[in-house]
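**Q** Here you go, sequence then predicted model.
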Amino acid sequence: MQQFFLDISLNEDQTVPLSDVVARQLTRVLRYRGGESIRLVDAEGTAFLCTVHLRGKFVEAVVGPELDETREVQAPLILALARIKRDKWEWALQKTCELGVTAIVPLETTRVNEPPATPHRIVRDERILREAAEQSERHRIPILERPRRLEDMLQSSVVECPASCGDLKRDVLQGDVQRIVLAERHEGTSRLREVLEGLDQTRPVILFVGPEGGFTEGEFQAMQEAGVAFASLGSRILRAETAAVFAVGTVAQWMGER
């Protein structure tokens, strides 16, 4: 069933006009003729089962019952992924979105060789995330954060708190975030599942994944001093995009366990 996100709140029995882009996809691509069912997710992340109605060249949806379902992880799951080659980056965005990532941070590290994304690329990345969220019937579109340096990520949390919270609240929030770096070759590294056993499923998790050349020893040292947990995905060395998808899937599944 097709799903679309709306930036308004919905109520049962409400009739809402659909955008030209959505209308075109339904009528020209999917050949809808009216009466078909679609899913609409509103600004609050609530999903509704809706019925398509054609009114001349306009397409509307009559909002049906709210869907009683849980599709999101119970705590923020943030992927701090060093910028990699464009095709691999886009693949990682799509797959980690399908698996439940909450936000993605383009990470600036010493061995990153890819240039910063242009405004056009950022728009494309956001469209990839939206389409992947629609396809996987999620209730939220992952946030694409601004690029951040590793050293800044180690000093502050990407889980935002309003300025009115004050510095004390910010410190509490930052301390509540659980941070894990994937370090396949680092001595004494435990398997990711073993690391997760010592963490809290209801608290935010940030996963750090390095670039194609990996993190430097200095970066590993900085993360160790910052209290980041070191984790391995097994005996084989994975590409950055594979490691990101594997790790996000593992943590999302762990978060869903009761």
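**A** Looks like it came in fine.

**Q** I'd assumed Ala243 was in a helix, is it?
**A** Yes - assigned with DSSP: H, G, I helix; E, B strand; the rest coil, Ala243 falls within a helix.

**Q** which residues sit in contact with it?
**A** 182, 184, 209, 233 (Cβ atoms under 8 Å, 6 or more residues apart in numbering). The C-beta positions use only the backbone N, C-alpha and C, and glycine is treated the same way.

**Q** Mind picking the lowest-pLDDT entry from the residues you listed?
**A** pLDDT across those is at its lowest for Glu184, which sits at 78.

**Q** how near is it to Lys88?
**A** 17 Å (Cβ to Cβ, to the nearest Å).

**Q** likewise Leu10?
**A** 37 Å.

**Q** Of these two, which one has the most company?
**A** Leu10 (20 against 17; other Cβ atoms under 10 Å).

**Q** For burial, what's the neighbour tally of Gln74?
**A** Applying other Cβ under 10 Å, we find 14 residues neighbouring Gln74.

**Q** correction: Asp152
**A** For Asp152, using other Cβ under 10 Å, the count is 12.

**Q** quick one: buried residues of stretch 60-79?
**A** 60-61, 63-64, 72-73, 75-79 (16 or more other Cβ atoms under 10 Å).

**Q** That should have said stretch 86-98, apologies.
**A** 88-98.

**Q** Check stretch 31-50 too.
**A** Applying 16+ other Cβ under 10 Å to stretch 31-50 flags 32, 36, 38-42, 47-48, 50 as buried.

**Q** ditto for stretch 118-138
**A** 125, 128-130, 132-134, 137-138.

**Q** and which of those residues is nearest to Glu151?
**A** Asp125 (23.7 Å; Cβ to Cβ).

**Q** Please report phi then psi for the closest one.
**A** phi -60, psi -40 (degrees, to the nearest 10).

**Q** Would you map the helices across this structure?
**A** 20-24, 86-99, 119-135, 150-155, 166-175, 192-196, 217-225, 240-255 (DSSP state H).

**Q** angle of the last one against helix 86-99?
**A** Between helix 240-255 and helix 86-99, the angle comes out at 10 degrees (axes from the mean of the first three to the mean of the last three Cα atoms, to 10 degrees).

**Q** Look up the closest residue to Ala222, ignoring the ones flanking it.
**A** Excluding the flanking residues, the one nearest Ala222 by Cβ to Cβ, 6 or more residues apart in numbering is Leu154, at 6.1 Å.

**Q** Who are the contact partners of the one you found?
**A** Leu154 touches 222-223, 226, 228, counting by Cβ under 8 Å, 6+ apart.

**Q** so which of the buried residues of stretch 86-98 comes closest to His120?
**A** Glu90 (13.2 Å).
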